[in-house]
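# Structure of the sequence below:
(one chain, ligands or ions: 1)
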Amino acid sequence: MRVLRLTESAYENGVILGRQHKVEIRFVMESETNPENWAEVVRKRGDYKTANRLSSLTRKDLLNCAKKIHEDSMKAGVNSSKYPLLKDYHCYLDEEYKGMATASGVSFEDILLFKYFVPVYSKFHNMKDEDMDSARCTTVIFPRTPVGPIIGRNTDVSTLYKTVLEDQMSPVLYKQPSSRGYSYVSTCHPSTNEKGLVVFGSSIGYPNEPDIDTNLRIDWYDFVLRNCSTTKEAVDLLLEYLPFWGPCNLAVVDAQGTAAVIEKSKRRAYVHWDDGTGIATTDGVAVGDETAALLDTASEGYRFHLRRHEKLAELIEEKKSRQRPESMWEIISSHSPDSPICKHEEALPKFYKLTSMMSMVLIPKEMRYEIAVWNEDAAPCEQIPWEYSYLI
Ligand SMILES: [Zn+2]
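Residues are numbered from 1 along each chain as shown. You can find the predicted model right below:
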């Protein structure tokens, strides 16, 4: 297991993170942030108008856009008496990004593009919810089993990301100095801390809702795992810091078996508490009164995601008396044609060209997880998963 011993210095932490994510940063810089590659993907879908527009961009346009987002976020400032955990947060990030640039051998502007990749990409693609093809994911939780909570996770992305994911399979411990809170482990994503709290997100867009005023975004994986020991604490904290994260659907469970899903739009949040039988969330769908009201619930995309959401509830109910890692694998590799949980690009509607690139079952009480990552020969659902254990 790799251990990153973080410090109180933002710059030093940036160096440590830059070294750790060097391969990923270089990969994103070389292939993901080339406007010609963006144009090629869109051209293959037959959208020549957008392809031509993307073709006319240069890398400099992308770098400038990322720089602008960063500068706006630096200028914005935060009311630190209202949001004490964000006191000097933007200065911390600026220093951290400088350290990352030094350690990974790319420019500071490149690091900004790496960090603000999603907003830059969305902006130049004029993305609406249905078009969105960044990471889309599913999380399923059995909160109370004899082995503690069991979490199933599919990470669904473009096949371009495969080299990055392979690099992320084994656990990485982010050891924090006590002034920065709890230490946590990355199991493909940063996901569980020393208190056994687990958090995973899924993507969703809210195109009809006006943008929020602040540009400062928190890394909510890091924010929750460092600061919270229980689901209740995580929900309270996230609701208190509402303007600075999301939109996304966030699934949280703690060592005591309390689980919740927070549906977060730009400005609103709706919390679903688990009733003890299990809870799930997936991308593109929100069913809370507050959040669903903002979406075009009659659209083809929404209805597709809603069917998958309903299928998850059905599968959880079906496995109610047999909540084991094996039954979690059965849920996350379910291939019902109308409502697939495990995604294979060729079996999906035209607007949704993604693949389940990584599938995982995490058992935090036993400090272990089983994981399979897509490769040229086999999808995760066709493989025998690798097993990793970790210590925090
Ligand atoms: Zn599959």
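# what does stretch 283-294 contact?
For stretch 283-294, the external contacting residues (Cβ atoms under 8 Å, 6 or more residues apart in numbering) are 129, 132, 136-138, 156, 202-204, 206, 208-209, 249, 263-265, 268-272, 295, 301-302, 304-306, 308-309. Where you see a C-beta, it was placed from the backbone N, CA and C, and this is true even at glycine.
# Could I get the buried residue list for it?
Residues 283-288, 291-292, 294 are the ones in stretch 283-294 that count as buried (16 or more other Cβ atoms under 10 Å).
# okay if I get the residues you listed as CSV plus distance to the ion and secondary structure?
Shown next, in CSV, are these (distance: Cβ to the ion, whole Å; DSSP: H, G, I helix; E, B strand; the rest coil):
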residue, distance to the ion, secondary structure
283, 16, coil
284, 18, coil
285, 20, coil
286, 25, coil
287, 25, coil
288, 29, coil
291, 28, helix
292, 28, helix
294, 31, coil
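# my guess is residue 210 meets residue 266, correct?
Yes - Residue 210 lies in contact with residue 266 (Cβ atoms under 8 Å); the separation is 7.4 Å.
# Name the residue in the two with the higher neighbour count.
Taking other Cβ atoms under 10 Å, residue 210 and residue 266 do not tie; residue 266 has more neighbours (15 against 8).
# So that one: helix, strand or coil?
coil (DSSP: H, G, I helix; E, B strand; the rest coil).
# how close does it get to residue 77?
20 Å (Cβ to Cβ, to the nearest Å).
# same question, residue 286
Residue 286 is 31 Å from residue 77, by Cβ to Cβ.
# and what of residue 331?
Residue 331 is 44 Å from residue 77, by Cβ to Cβ.
# Settle it for me: which of these two has more neighbours?
residue 331 (24 against 11).
# three-state assignment of that one?
helix.
# which non-adjacent residue is nearest it?
Nearest non-adjacent residue to residue 331, counting by Cβ to Cβ, 6 or more residues apart in numbering: residue 315, 4.5 Å away.
# One more: residue 384?
Going by Cβ to Cβ, 6+ apart, residue 384 has residue 372 as its nearest residue, at 7.6 Å.
# who does the helix or strand harbouring residue 94 touch, helix- and strand-wise?
Taking DSSP states H and E as the criterion, residue 94 maps to helix 89-104. Packed against helix 89-104 by the contact rule (3 or more Cβ pairs under 8 Å, 6 or more residues apart in numbering; DSSP states H and E) you find helix 10-20, helix 22-27, helix 59-76, helix 108-115.
# export those to JSON lines and tack on mean pLDDT, distance to residue 181 and mean neighbour count?
Converted to JSON lines, those look like this (pLDDT from 0 to 100; distance: least, Cβ to Cβ, whole Å; neighbours: other Cβ atoms under 10 Å):
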{"stretch": "helix 10-20", "mean pLDDT": "96", "distance to residue 181": "13", "mean neighbour count": "19"}
{"stretch": "helix 22-27", "mean pLDDT": "88", "distance to residue 181": "24", "mean neighbour count": "18"}
{"stretch": "helix 59-76", "mean pLDDT": "91", "distance to residue 181": "22", "mean neighbour count": "16"}
{"stretch": "helix 108-115", "mean pLDDT": "95", "distance to residue 181": "21", "mean neighbour count": "23"}
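# mind pulling up the phi and psi values for whatever residue of the stretch 1-150 of the chain ends up closest to the ion?
Closest contact between the stretch 1-150 of the chain and the ion, by Cβ to the ion, is at residue 138 (11.9 Å). Here is the backbone geometry of residue 138 (degrees, to the nearest 10): phi -130, psi 140.
# That one: how many residues sit nearby?
Count around residue 138 with other Cβ under 10 Å applied: 28.
# any idea how far residue 154 is from it?
Taken as Cβ to Cβ, the span from residue 138 to residue 154 is 5 Å.
# and the stretch 251-392 of the chain, which of its residues are near the ion?
Contact residues (Cβ under 5 Å from the ion) of the stretch 251-392 of the chain with the ion: 342, 379, 381.
# with the residues you listed in mind, which one is nearest to residue 366?
residue 381 (22.8 Å; Cβ to Cβ).
# wait, isn't that closest one in contact with residue 355?
No - counting by Cβ under 8 Å, residue 381 stays clear of residue 355, with 10.6 Å between them.
# quick one, what contacts the residue of the stretch 1-150 of the chain closest to the ion?
For residue 138, the contacting residues are 152-154, 156, 202, 280-283, 308, 312, 332, 341, by Cβ under 8 Å, 6+ apart.
# Kindly provide the distance from it to residue 334.
Computed as Cβ to Cβ, the residue 138 to residue 334 distance reads 10 Å.
# cool, and residue 33?
Distance of residue 33 to residue 334, given as Cβ to Cβ: 34 Å.
# Sketch out the helices for this structure, chain order is fine.
Assigned by DSSP state H, the chain shows helices spanning 10-20, 22-27, 35-44, 48-55, 59-76, 89-104, 108-115, 117-124, 162-167, 220-227, 231-240, 289-292, 300-318, 325-332.
# still on that earlier bit, need the residues touching each of residue 138 and residue 154.
Common neighbours of residue 138 and residue 154 (Cβ under 8 Å, 6+ apart) are 332, 341.
# quick one, domains of this protein?
Using automatic domain parsing, the domains assigned to the chain come out as 2-125, 132-389.
# Before I go, just wanted to say thanks for your time.
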